[in-house]
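Undergrad: Just a sequence and a predicted model for now, questions to come.
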Amino acid sequence: MIFTKLIYLFLSINSTKNIYYKIIYNKEIKGCVEGNVSKTFAKKFNALPGTCRDSNCTLFKGTYKIPYCCTVYGYEC
């Protein structure tokens, strides 16, 4: 089990990264998060290629650091 997690971590770190985004709803407010992640990581969260700006979400709300992965940026639509 630990070996599998290490392989996944190694592959996700070494893979090509692009910007992906996902539309979310928090307390009935439409928002968006985006990050520079691998295709494999984005697929786990059903994220789409592109940026939050593609969905007219431009009001910046903050950042969040995901350990061993990346930083994601939050926007309100």
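TA: Noted; the coordinates are in hand.
Undergrad: Give me the below-cutoff pLDDT ranges for this structure.
TA: 1-15 (pLDDT under 70).
Undergrad: hmm, 90 instead?
TA: 1-18, 26-27, 38-42, 44-45, 66-70 (pLDDT under 90).
Undergrad: So the residue most central in space within the chain versus I23, what's the distance?
TA: Closest to where the C-alpha atoms of the chain average out (Cα atoms, centre = their mean) is G35, at 4.1 Å. The spacing between G35 and I23, counted by Cβ to Cβ, to the nearest Å, is 14 Å. Bear in mind the C-beta positions are built from the backbone N, C-alpha and C, glycine included.
Undergrad: Run a quick neighbour tally on the nearest residue in space to L59 that is not next to it in sequence.
TA: Using Cβ to Cβ, 6 or more residues apart in numbering and skipping the chain neighbours, the partner closest in space to L59 is E76 (4.2 Å). Using other Cβ atoms under 10 Å, E76 has 14 neighbouring residues.
Undergrad: Hmm, E76 is touching C57, no?
TA: Yes: using Cβ atoms under 8 Å, E76 is in contact with C57, at 6.5 Å.
Undergrad: follow-up on the earlier one: looking at the sheet around the residue nearest to L59, what are its partners?
TA: In this structure, E76 bridges to G31, L59 when assessed by DSSP bridges.
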